[in-house]
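Student: Please work out how this folds:
(chains A, B, C and D)
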There are 2 protein chains.
Amino acid sequence: MKSTACTDCPTAKVASLLSDMWTMLIVRDLIKQPMRFNELMESLEGISTRTLTLKLKRLESLSIINKRELRYQLTPSGTRLAPVIAEMEKYGKKYL
Amino acid sequence: MKSTACTDCPTAKVASLLSDMWTMLIVRDLIKQPMRFNELMESLEGISTRTLTLKLKRLESLSIINKRELRYQLTPSGTRLAPVIAEMEKYGKKYL
DNA sequence: CAGGATCCCGCGGGATACTG
DNA sequence: CAGTATCCCGCGGGATCCTG
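Tutor: Numbers count the residues shown, from 1 in each chain, chains lettered A, B, ... in the order given. As a prediction, this is how the structure comes out:
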């Protein structure tokens, strides 16, 4: 978003980074292990090839993931999102 | 989303709950203190009254927030999202 | 000030078909 | 298998005006 608040609020930056469901779930999957396009398609039930392609490209452009030999994996920067996902998982397990 | 994966994955449930930017930022704000409609409007620069209304209603219906005397505040359940937001903030501060 | 009601537009994203 | 290319539709969400 282009709200000025987003420019300097760290939370807003992350919110913007992860601001759609598929993106969060891709990161969730890649934390566990590198995965191929097709494996992601199976894990993310309901996603279209188009959307998966677009989400992966965006995450690549943000240096959250990279692709090597047809496998997508988190970059060091992306790996550091793990605690965020972990907290989401904790909350989901306990309260949803 | 209606992916079957979402039904049982705790992370996906939270992803679904927080799956848009404004919602995350509303929670971020209300963690600090209860706020009025107008205060939220000022904090969330760029949001429209329509969207703020809708997001607040959705969060109410999910029992993440409630309204008392024109002030919105987190419920106990909503308060427990604080660690998630905190991790987002940490990441944003360090790496973005 | 705290919203509700309308109008309207863009784009996110599914479905499908095709290619290397 | 790993995408790319189109087509097309819904709805998310801004702008604006109105009310208690």
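
Student: buried ones in stretch A:27-42?
Tutor: A:V27, A:R28, A:D29, A:L30, A:I31, A:P34, A:M35, A:L40 (16 or more other CB atoms under 10 Å in any protein chain shown). In short, each C-beta sits where N, CA and C put it, glycine included.

Student: mind checking how far it is from the chain centre?
Tutor: Stretch A:27-42 sits 10 Å away from the centroid of its parent chain (CA atoms, centre = their mean, to the nearest Å).

Student: Compute the mean per-residue pLDDT across that stretch, please.
Tutor: Per-residue pLDDT over stretch A:27-42 has a mean of 96.

Student: ok so, going back, state the pair within the buried residues of stretch A:27-42 that is farthest apart.
Tutor: Distance extremes for the buried residues of stretch A:27-42: the farthest pair is A:R28 and A:P34 at 13.7 Å, using CB to CB.

Student: circling back: rebuild the buried residues of stretch A:27-42 as CSV, extending it with secondary structure and distance to B:Y95.
Tutor: Formatted as CSV, these follow (DSSP: H, G, I helix; E, B strand; the rest coil; distance: CB to CB, whole Å):
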residue, secondary structure, distance to B:Y95
A:V27, helix, 14
A:R28, helix, 18
A:D29, helix, 20
A:L30, helix, 16
A:I31, helix, 16
A:P34, coil, 21
A:M35, strand, 22
A:L40, helix, 23
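
Student: Which ones among those residues also lie next to DNA strand D?
Tutor: Among the buried residues of stretch A:27-42, proximity to DNA strand D is found for none (CB under 7 Å from any atom of the strand).

Student: quick check, stretch A:63-75 touching DNA strand D?
Tutor: Yes - Stretch A:63-75 lies within reach of DNA strand D by CB under 7 Å from any atom of the strand, at A:K67, A:L70, A:Y72.

Student: Select from the residues you listed the one having the most neighbours.
Tutor: Top of the residues of stretch A:63-75 next to DNA strand D by neighbour number is A:Y72, holding 22 neighbours under the definition other CB atoms under 10 Å in any protein chain shown.

Student: looking at this, that one is in a strand?
Tutor: Yes - the assignment for A:Y72 (DSSP: H, G, I helix; E, B strand; the rest coil) places it in a strand.
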